[in-house]
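Participant: got a sequence here, can you build the structure:
(one chain, ligands or ions: 1)
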Amino acid sequence: MLTDIFYSVIKNKCPQCHQANVFETNNPFNLKRFDKMHESCSHCGVKYEKEPGFFQGAMYVSYGLTAGWFIITWALDTFIFKSETWQYLTFVIISIILLMPLTFRISRLIWINFFIPFNKNKI
Ligand SMILES: [Zn+2]
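Facilitator: Coordinates of the predicted model:
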């Protein structure tokens, strides 16, 4: 279900049981630890990295999220703010760099949820 995926991604929870955290810290802007993940769920035991290089696929999700950010900010700028091109480009480049830790984590959580479905019996 989409709500199960949404809950897991927003709350940083195991996609299978929704009990334990996937990333070690809940703060995506803790720059020393934002990318540290648990190897497996401490509650249900599911292994997050199913095979070596599993998370390379999350780059496609990251690409989609970043493209979506471009489109949304472009539409807002074109129809509402109407700033100069260099101002828009400066804003969008800086915002993408600043949002990178958040994009990284959301991409991985979405990617995991594609392959590990929620299972009520594992709660
Ligand atoms: Zn779990």
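Participant: show me which residues of the chain sit near the ion.
Facilitator: In this structure, the chain approaches the ion at residues 14, 16-17, 41, 43-44, judged by CB under 5 Å from the ion. In short, each C-beta sits where N, CA and C put it, glycine included.
Participant: residue 94: which of those residues is nearest?
Facilitator: Nearest to residue 94, judged by CB to CB, of those is residue 14 at 33.4 Å.
Participant: just checking, what's the longest helix in this structure?
Facilitator: helix 58-76 (DSSP state H).
Participant: buried sites along that helix?
Facilitator: 58, 61-62, 65-66, 73 (16 or more other CB atoms under 10 Å).
Participant: and the next element down the chain from that helix?
Facilitator: Next helix or strand after helix 58-76 toward the C-terminus (DSSP states H and E): helix 85-98.
Participant: mind giving me the packing neighbours of that next one?
Facilitator: helix 58-76 (3 or more CB pairs under 8 Å, 6 or more residues apart in numbering; DSSP states H and E).
Participant: and the helix it packs on with helix 85-98, angle?
Facilitator: Helix 58-76 and helix 85-98 are oriented at 150 degrees to each other (axes from the mean of the first three to the mean of the last three CA atoms, to 10 degrees).
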